[in-house]
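> Here is my input; please provide its structure:
(chains A and B)
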Amino acid sequence: MITTTHSSSNLSAEHDISDTTTVLPKRSGSASAPPRRAIGGISRQDVMVLVGAGVSSLCTTMLLFGRLTPLSGRLGFVIVWFGLFLGVYAALISLTEDRPAVIDRVMAALLTSAAVLAGGALASVIIFVLWRGRTALMHSNFFTQDLSVTGPSEPLSVGGITHAIVGTLIMTAISLVITVPLGVATAVFLNETRSRATGLVRTVVTAMTALPSILAGLFIFATWVLILGFPRSGLAASIAMSIMMLPIIIRSADVVLRLVPGNLREASAALGAPQWRTVWQIVLPTARSGLTTAVILGVARGVGETAPVLLTAGFTNTMNMNPTKSPMVSLPLAAFKLVSAAEPNLIARGFATAAVLMLLVLILFTAARVLGGRPVGRLTKRQARAATAQSLRDRVRIDQMSSSGNRFPQEQS
Amino acid sequence: MTSIPDVADANAPPPQPRQLQAHPGRGDRYFRRGASLSGLTVLSVMGAVGLFLGIQAWQALRATGFSFLTTAEWQPDRNKFGIAEVMLGTVLIALVAGIVAFPIAMSAALFITEVAPKWLRSSLVALVDLMAAVPSVVYGLWGLFLLQGQVVGVSRWINTWFGWIPFFAVDGADPNSPLSAATVYTASTLVAGIVVAMMVMPIQCVVMREVFSQVPVGEREGAFALGSTRWGMIRVVSIPFGRGGIIGGTMLGLGRALGETIAVLLIISPVFQINFHVLQQGSNSVSSLIALRYSEASDFSLSALMAAGLVLFAATLVVNFTASWFVARSRSGASSEA
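Model prediction:
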């Protein structure tokens, strides 16, 4: 700011003055800063060019399809329209801008449309599944009955998928019981202890994330069912699911624990806490939200797994609450089997089952976002209030101890 | 001034580092033992999976020897089986998925980090994560009932104009007759590949976005200060910086594509012949082979399936470790988690 107000006459005048004094440049006229230039944002011309290119390419495409050439098909229409749009857009921009700017704008349009394509595909998946499943979802019996007495061609007002919902819940609960303690303990092992095995465990866990899910199912099928002779059951499927979920949970919990600041551990050790107390009361609570996310993401993955369940759980249309005996079915497996049948009503039920599964994953996912949105150690308002209250109580306690002259009460007892 | 203490004896042995000995209490001993125990449990379970597959597969591999990799048939009872065909199908599906997913994943990652307005970014990141979490059976349904009908037209068009390229040839299709049946184009490698691409894309995108978001601000601003446009900055700064992540993320996605079962099983109609024609009906993959044949009771055929599974596992393992090697070796890899 200062140097810009120099005028050439000022400069020459300053050179005459002896070196010992520093002269501040005179501010010329009004000293107010020049108005800020807006460097971002969208100008009116941008909008006009965009809309113009869109409309003109649309018109050209409509002319091409059906009038000038024998082209047809929805997908082809969109592709031709997009190609023409890029051409017209580039031409319009080149009227006012130079070559690098044209390339920049066209590439920005390309990147944006790829993102729109990806988002559109996701939206189309969700909407399509909900739409095809709507007829079955409308009936409340879909959520309260199973398919045990429902024939393949019976109307949608009979039968439902309670057995699959219950099956999914039981299987998920069992695999949570297996994976959460084991996964978190292994992550603690990887981060908090030093031993020669940690490197090996980490490598093996990383390798196991590459295990195709069908192989986890095949492994359990060959060992649990064929060699050990247990029946195909919900328990077998839960174990197969656990093998898929464990590496995911361990890896993300490992990352989260690594983010816990080391000075917290050192402070705890300096206060004389043994290591297990440090881990239990400092490290794990600090990483709580991240650990929750790790578990939920693992569950979201496990719930959607079809292949291992296909091999290990068997298939049934009846409600089965006992995971150790007789077949049990999960939501993705039910959706897969129902759709494989050629009966329209069964296909509608299959889509509705997939929709329920998708909503379940969506709920889990939102929960993970809400719980794990904060970085490690950042407290919510409620947690912060609790922490403040706790430290207030501590202060009162310390004050009382020091006022009674009783500094080390535990030594007197 | 500080005085330096006299050294009493210059010939005295240099001081030894003190021995630091921690004496963990009983609680800590239990804690460490418990943590090690869970680590070793995981290690042994995971090791058992690999070892068991290996031992079981050995029986089949010994029976066929090297021809296991070259035979394109699956008749374990007649001792004629091999994975040439299914492995080719698996790789073709993964390749189609990669070719479809890579440009979209990369553009989406660049869009999120460079182009999208700031307020939109976190929701876009969540959207990509959500895409990765959607169960594969849902994508399979979408591909079978919605996508396939749309792709048939494109397949026909490609076959009509580029049918002379061997990959795009279709047996039994007559490009000159507009009434020729559309069924030859359904259940093809292309359709399966596009559906798998839907699952692969978010995985690739997550890794690439992670890398692009770590591009040093100084280098970006340097490019802008030299008068570069946004695309120029992306081309000379972001992409070279993230090259390791781009390659690594792409391969990570391919690893997932190789192992995908249920969506592929829903879409393809399994055939047992070498089929290079990506547009033509009929394909196969190792995982759908296992899903279709596992209930065959004979021990030997199960062993054969295990062998096929083992080869698939080895392939994904190689792809994944190469991917993480690329990511870790890149400039940005030190702090990225993939």
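
> Would you mind giving the domain segments of chain A?
A:44-135, A:162-379 (automatic domain parsing).

> and among the ones you listed, the most buried is which?
Among the domains of chain A, the stretch with the highest mean neighbour count (mean count of other Cβ atoms under 10 Å in any protein chain shown) is domain A:162-379, at a mean of 21. Every residue, glycine included, has its C-beta placed from N, CA and C.

> Measure how far it is from the centre of its chain, please.
15 Å (Cα atoms, centre = their mean, to the nearest Å).

> Could I get the average pLDDT for that domain?
Average pLDDT, domain A:162-379: 87.

> Endpoints of that domain, how far apart?
One end of domain A:162-379 sits 39 Å from the other (Cα to Cα, to the nearest Å).

> before we move on, the earlier item: would you mind giving the domains of chain A as CSV with distance to B:Gln56 added?
As requested, those are exported to CSV (distance: least, Cβ to Cβ, whole Å):
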stretch, distance to B:Gln56
domain A:44-135, 37
domain A:162-379, 6
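
> Any chance of these in TSV with distance to chain B as columns?
Output for those, formatted as TSV (distance: least, Cβ to the nearest Cβ, whole Å):
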stretch	distance to chain B
domain A:44-135	3
domain A:162-379	3
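
> What's the separation between the most centrally placed residue in chain B and chain A?
The centroid of chain B falls nearest to B:Gly255 when counting by Cα atoms, centre = their mean (2.2 Å). Using Cβ to the nearest Cβ, to the nearest Å, B:Gly255 is found at 6 Å from chain A.

> what residues are up against that residue?
Neighbour list for B:Gly255: A:210, B:316, B:319-320, B:323 [criterion: Cβ atoms under 8 Å, 6 or more residues apart in numbering or on different chains].

> Sort these by pLDDT and name the bottom one.
Comparing the contacts of B:Gly255 by pLDDT, A:Ala210 comes last, at 81.

> ok, that residue to A:Ser242 distance?
A:Ala210 is 17 Å from A:Ser242, where distance means Cβ to Cβ, to the nearest Å.

> now B:Leu61
28 Å.

> what's the single longest helix in the chain?
As the question left the chain open, I've gone with chain A. Determined from DSSP state H, the single longest helix within chain A is helix A:99-137.

> look at chain B instead
The single longest helix within chain B, with elements called by DSSP H, is helix B:26-64.

> hmm, it in reach of chain A?
Yes - applying Cβ under 8 Å from any Cβ of the partner chain, one finds that helix B:26-64 is in contact with chain A at B:27-28, B:30-32, B:34-36, B:38-43, B:45-47, B:49, B:52-53, B:56.

> backbone phi and psi for residue 275, please?
In the absence of a named chain, chain A is used. With angles defined as degrees, to the nearest 10, A:Gln275 sits at phi -60, psi -40.

> um, chain B though
Main-chain torsions, B:Asn275, degrees, to the nearest 10: phi -130, psi 100.

> B:Ile268 too?
phi -70, psi 160.

> what does A:Pro231 give?
Dihedral angles (degrees, to the nearest 10) for A:Pro231: phi -70, psi 160.

> Nearest residue to it in space, please, no chain neighbours.
Once flanking residues are discounted, A:Pro231 sits nearest to A:Lys325: 6.3 Å by Cβ to Cβ, 6 or more residues apart in numbering or on different chains.

> how near is that neighbour to A:Ala164?
18 Å.

> where along the stretch 151-300 of chain B do the helices fall?
Secondary structure of the stretch 151-300 of chain B, counting by DSSP state H, counting those that start in this stretch: helices at B:189-212, B:217-225, B:230-233, B:239-241, B:243-259, B:262-267, B:286-293, B:299-329.

> Would you format those as a markdown table with distance to A:Gly83 included?
A markdown table is the format used below for the helices of the stretch 151-300 of chain B (distance: least, Cβ to Cβ, whole Å):
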| stretch | distance to A:Gly83 |
| --- | --- |
| helix B:189-212 | 20 |
| helix B:217-225 | 30 |
| helix B:230-233 | 19 |
| helix B:239-241 | 24 |
| helix B:243-259 | 25 |
| helix B:262-267 | 28 |
| helix B:286-293 | 35 |
| helix B:299-329 | 33 |
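
> Per-residue pLDDT of B:Cys205, please?
92.

> Quick one: distance of the host helix or strand of B:Leu95 to the chain centre.
Taking DSSP states H and E as the definition, one finds B:Leu95 inside helix B:84-110. Here helix B:84-110 shows a centroid-to-chain-centroid distance of 9 Å under the convention Cα atoms, centre = their mean.

> other SSEs contacting it?
Contact here means 3 or more Cβ pairs under 8 Å, 6 or more residues apart in numbering or on different chains; DSSP states H and E; on that basis helix B:84-110 packs against helix A:99-137, helix B:189-212, helix B:243-259, helix B:286-293, helix B:299-329.

> follow-up on the earlier one: quick one: secondary structure of the residue nearest to A:Pro231?
Taken by DSSP: H, G, I helix; E, B strand; the rest coil, the conformation at A:Lys325 corresponds to coil.

> Can you say which of the helices and strands packed on helix B:84-110 is nearest to A:Ala269?
Minimum separation from A:Ala269 across those (Cβ to Cβ) falls at helix B:299-329, 30.8 Å.

> Now that closest one: buried residues?
Within helix B:299-329, the residues scored as buried using 16 or more other Cβ atoms under 10 Å in any protein chain shown are B:301-313, B:315-317, B:319-324, B:326-327.

> among the residues you listed, which are in reach of chain A?
Near chain A, by the rule Cβ under 8 Å from any Cβ, you find B:302, B:305-306, B:309, B:312-313, B:316-317, B:319-321, B:324 out of the buried residues of helix B:299-329.

> Hmm, which of the residues you listed is lowest in pLDDT?
B:Ser324 (82).

> now it: how far from A:Arg251?
B:Ser324 sits at a distance of 11 Å from A:Arg251 (criterion: Cβ to Cβ).

> Show me the common contact partners of those two, please.
The contact lists of B:Ser324 and A:Arg251 share A:Thr206, where a contact means Cβ under 8 Å, 6+ apart.

> one step back: could I get the helices and strands packed on helix B:84-110 in JSON lines, plus columns for distance to B:Lys80?
Listed next are the helices and strands packed on helix B:84-110 as JSON lines, based on distance: least, Cβ to Cβ, whole Å:
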{"stretch": "helix A:99-137", "distance to B:Lys80": "41"}
{"stretch": "helix B:189-212", "distance to B:Lys80": "24"}
{"stretch": "helix B:243-259", "distance to B:Lys80": "25"}
{"stretch": "helix B:286-293", "distance to B:Lys80": "14"}
{"stretch": "helix B:299-329", "distance to B:Lys80": "10"}
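
> Looking at the ones you listed, which is nearest to A:Gly87?
Closest to A:Gly87 of these, according to Cβ to Cβ: helix A:99-137, at 9.4 Å.

> tell me the mean pLDDT over that closest one?
91.

> Contact partners for the residue in the stretch 201-338 of chain B positioned nearest to chain A?
Per Cβ to the nearest Cβ, B:Gly259 is where the stretch 201-338 of chain B lies closest to chain A, at 3.0 Å. Shown in contact with B:Gly259 (Cβ under 8 Å, 6+ apart): A:210-215, B:287, B:312, B:316.

> 10 Å - rerun?
Going by Cβ atoms under 10 Å, 6 or more residues apart in numbering or on different chains, B:Gly259 touches A:210-215, A:307, B:90, B:94, B:196, B:285-287, B:309, B:312-313, B:315-316, B:319.

> Which stretches in the stretch 301-413 of chain A count as strands?
All residues of the stretch 301-413 of chain A lie outside strands when identified by DSSP state E, counting those that start in this stretch.

> circling back to that earlier point, and which of the contacts of B:Gly255 is nearest A:Met48?
Nearest to A:Met48 among the contacts of B:Gly255 is B:Ala323, at 44.9 Å by Cβ to Cβ.
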